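J.: Test case, fold it:
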Amino acid sequence: MTSSLPLALLPMPLLRSPTTRSGRYCVHTSRDTCPISGMMRARNWPGICASSWKGEEPLMASSTADQFTSLDFAYFDHASIGTVPTPVRTAVDDVLRHLALGTRGFRAAEEIGAQAADLIAAEWSVKAHQIDLMASAGEALNAAARALSLPAGSRVLVEDEDFPQSVLPFESIPHIEVVRIPQTKPGCDRTEDFISALDPAISVVSLTHVHANTGATIDLDRLGSACAENGSYLVVDGSQAAGAIEVDASRADIYVATGYKWLLAGFGIAAVSRSERFDDNSAGRLRGYANLDAGLRTGHRNLAGAAALEAASKVRMAIGFRETYSQLQSMVHQLGTELRLIGLTNLTEGAGIISVGAANAEAIVTVLAEGNVVVAERAGRVRISPSFNTTSLQADQLIDAISGIASKTGILKGSFA
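T.: Predicted coordinates for the structure are as follows:
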């Protein structure tokens with residue numbers, strides 16, 4: 001049976017049992033009773049024992065179990081704002097505490113986030129000197145677009161209905177042409193659509209790594225090679241990818257990701273990777289004391305933001321980057337399977353995102369929120385975005401709530417198209 005109780009009211013286990021673990025995961029299977037909590041699992045969620053995660057036995061390594069706030073609602077909107085781990089809040093507080101001492105605390109405040117660029121560089125397969133820490137993805141993409149000093153008549157290839165931040169920086173530059181290709185249809189190859197649209201007149205390809213509405217993902221290896229062969233710069237907004245899937249930023253000339261989504265670092269910080277080719281040809285970049293030779297950041301880094309990014313990276317690294325990616329994708333796939341089983345076939349699965357066709361998406365989001373299930377409406381569809389630490393109880397709460405809506409009569413009947 002699936003519990004209908006709010007998550008906050010569910011009993012938490014008090015005992016630890018070494019017999020219930022295999023490596024890092026609780027081993028009891030679908031519809032088995034949890035040997036820790038005595039709860040019955042209704043569905044075979046991938047590798048997740050919610051009772052273990054919220055009690056003393058965690059989903060991942062035991063040292064990380066207490067690093068995330070225990071929620072009393074089912075949160076499936078990580079593609080909007082990711083949940084910030086406790087060590088991130090502590091790191092930011094430490095920075096501000098040191099800065100309260102003025103120059104006497106400045107060096108200590110600087111040291112707290114000093115490894116942030118190194119950690120991102122290692123995760124993204126680039127060198128630390130290629131990483132800038134900036135205030136936002138929007139700031140970084142605008143700075144990069146202007147740094148290229150594109151000559152009049154240059155053409156920039158973008159995707160219709162892509163997230164605006166990949167398009168607007170180039171649209172605001174005079175005397176260049178923004179060329180739009182149609183949004184890739186569900187089930188089709190988004191990467192191939194871009195490659196097919198390349199021609200010698202295309203100076204820049206600007207796009208999101210993962211589409212914010214559908215989760216459709218670009219193959220950076222293929223597109224990066226095609227752009228290099230064509231002589232085009234590849235500018236990528238990876239805000240919906242970094243922290244959710246494996247990223248090789250070396251395939252792009254500019255790769256940007258904001259901190260407040262899958263990187264778990266909150267607002268006010270973004271990471272930017274630059275290629276050597278970009279650095280060699282960025283004559284139009286803004287200049288300041290911090291980037292006399294290369295780079296996009298003109299002044300001192302945001303100390304609190306860098307500390308947040310470093311702390312968040314260490315949390316994810318302690319769990320295992322690839323383990324978090326794998327766990328997230330397994331949850332996305334299993335949620336998609338369960339949604340299809342209750343009759344929702346108009347859906348797409350992507351990197352961290354499930355997009356469900358709906359005739360009344362805003363009403364559905366409202367009804368779910370009233371039942372303590374948080375999702376989002378995007379482009380007239382219901383967007384569901386779990387995390388690597390989404391529990392089976394949260395997943396059950398989502399599926400049961402959506403199943404109830406799908407079977408209702410009245411205003412919500414037929415809401416899922």
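J.: For the residue nearest to the spatial centre of the chain, give its distance to A244.
T.: What sits nearest the mean C-alpha location of the chain, by C-alpha atoms, centre = their mean, is W262, with 3.2 Å. Distance, W262 to A244, by C-beta to C-beta, to the nearest Å: 4 Å. For the C-beta atoms, the positions are set from N, CA and C on the backbone; glycine is no exception.
J.: got the contact list for I202?
T.: Residues near I202 by C-beta atoms under 8 Å, 6 or more residues apart in numbering: 155-157, 179, 230, 232.
J.: Just the pLDDT for it.
T.: Per-residue pLDDT puts I202 at 98.
J.: Tell me how far the closest residue in space to F321 that isn't next to it in sequence lies from S330.
T.: Nearest non-adjacent residue to F321, counting by C-beta to C-beta, 6 or more residues apart in numbering: E123, 5.8 Å away. Applying C-beta to C-beta, the value for E123 to S330 is 20 Å.
J.: Of these two, which one has the most company?
T.: E123 (20 against 16; other C-beta atoms under 10 Å).
J.: Could you double-check that the more buried one sits in contact with V247?
T.: Yes. Under the criterion of C-beta atoms under 8 Å, E123 makes contact with V247 at 7.0 Å.
J.: What are the boundaries of the strands in the stretch 251-400 of the chain?
T.: Using DSSP state E, counting those that start in this stretch, the strands of the stretch 251-400 of the chain run over 254-258, 270-274, 347-349, 354-357, 373-374, 376-378, 381-384.
J.: strands paired with the shortest one, and their directions?
T.: In other words, strand 373-374. Note on strand 373-374: by DSSP bridges, its sheet partners are strand 74-75 (parallel).
J.: Can you pull out the residues in contact with the partner strand?
T.: 7, 83, 372-374, 387, 390, 393-395, 397-398, 401.
J.: can you give me the mean pLDDT across that strand?
T.: For strand 74-75, mean pLDDT is 97.
J.: Just the pLDDT at D293, thanks.
T.: With respect to pLDDT, D293 has a value of 76.
J.: quick revisit: mean pLDDT for the strands of the stretch 251-400 of the chain - can I get that in JSON lines?
T.: Shown next, in JSON lines, are the strands of the stretch 251-400 of the chain (pLDDT from 0 to 100):
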{"stretch": "strand 254-258", "mean pLDDT": "98"}
{"stretch": "strand 270-274", "mean pLDDT": "98"}
{"stretch": "strand 347-349", "mean pLDDT": "93"}
{"stretch": "strand 354-357", "mean pLDDT": "94"}
{"stretch": "strand 373-374", "mean pLDDT": "98"}
{"stretch": "strand 376-378", "mean pLDDT": "97"}
{"stretch": "strand 381-384", "mean pLDDT": "96"}
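J.: Just put those in TSV and tack on mean neighbour count.
T.: Below are these laid out as TSV (neighbours: other C-beta atoms under 10 Å):
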stretch	mean neighbour count
strand 254-258	30
strand 270-274	28
strand 347-349	20
strand 354-357	22
strand 373-374	21
strand 376-378	19
strand 381-384	25
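J.: between those strands, which one is nearest to A100?
T.: Taking C-beta to C-beta, strand 270-274 is the member of those nearest to A100, at 25.9 Å.
J.: hey, C-alpha coordinates of stretch 184-204 in CSV?
T.: Taking C-alpha atoms only, stretch 184-204 is exported to CSV below (Å, rounded to 0.1, in the frame of the first residue of the first chain):
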residue,chain,number,x,y,z
THR,A,184,13.2,19.5,-32.2
LYS,A,185,10.2,17.3,-32.1
PRO,A,186,9.8,14.7,-29.3
GLY,A,187,11.8,11.6,-30.1
CYS,A,188,13.9,13.2,-32.7
ASP,A,189,17.7,14.0,-32.6
ARG,A,190,18.2,17.6,-31.4
THR,A,191,21.9,17.3,-32.0
GLU,A,192,21.4,16.3,-35.6
ASP,A,193,19.0,19.2,-36.2
PHE,A,194,21.7,21.6,-35.3
ILE,A,195,24.4,19.8,-37.3
SER,A,196,22.2,19.7,-40.4
ALA,A,197,21.6,23.5,-40.1
LEU,A,198,25.4,24.4,-40.1
ASP,A,199,26.8,26.1,-43.1
PRO,A,200,30.0,28.2,-43.6
ALA,A,201,28.2,31.4,-42.8
ILE,A,202,27.3,30.3,-39.3
SER,A,203,29.8,32.0,-36.9
VAL,A,204,28.2,30.9,-33.6
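J.: So for it, what gets flagged as buried?
T.: If you call a residue buried by 16 or more other C-beta atoms under 10 Å, then stretch 184-204 has these buried ones: 184, 190-191, 193-195, 197-198, 202-204.
J.: try stretch 118-137
T.: Within stretch 118-137, the residues that count as buried by 16+ other C-beta under 10 Å are 119-124, 126, 130-137.
J.: Point to the helix or strand of the chain where mean pLDDT is at its lowest.
T.: Every helix and strand of the chain was ranked by mean pLDDT, DSSP states H and E. The lowest is strand 21-22, at a mean of 30.
J.: Quick one: the helices in the stretch 51-200 of the chain, in order.
T.: Ranges of helices in the stretch 51-200 of the chain, per DSSP state H, counting those that start in this stretch, are 86-99, 103-112, 116-124, 137-147, 168-171, 190-197.
J.: Can you add distance to V356 and mean pLDDT and give these back as CSV?
T.: Shown next, in CSV, are these (distance: least, C-beta to C-beta, whole Å; pLDDT from 0 to 100):
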stretch, distance to V356, mean pLDDT
helix 86-99, 31, 97
helix 103-112, 41, 96
helix 116-124, 30, 98
helix 137-147, 26, 96
helix 168-171, 28, 95
helix 190-197, 19, 98
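J.: of these, which approaches G295 most closely?
T.: Nearest to G295, of all the helices of the stretch 51-200 of the chain, is helix 137-147, at 9.7 Å by C-beta to C-beta.
J.: Send me the closest one as PDB with only the CA atoms.
T.: Taking Å, rounded to 0.1, in the frame of the first residue of the first chain, the C-alpha atoms of helix 137-147 are listed here in PDB:
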ATOM      1  CA  ALA A 137      24.600  32.500 -16.400                       C
ATOM      2  CA  GLY A 138      23.000  35.600 -18.000                       C
ATOM      3  CA  GLU A 139      26.000  37.800 -17.100                       C
ATOM      4  CA  ALA A 140      28.400  35.200 -18.400                       C
ATOM      5  CA  LEU A 141      26.600  34.600 -21.700                       C
ATOM      6  CA  ASN A 142      26.300  38.300 -22.400                       C
ATOM      7  CA  ALA A 143      29.900  38.900 -21.600                       C
ATOM      8  CA  ALA A 144      30.900  36.000 -23.900                       C
ATOM      9  CA  ALA A 145      28.800  37.200 -26.800                       C
ATOM     10  CA  ARG A 146      30.300  40.600 -26.800                       C
ATOM     11  CA  ALA A 147      33.800  39.400 -26.200                       C
END
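J.: Nothing else from me, thank you.
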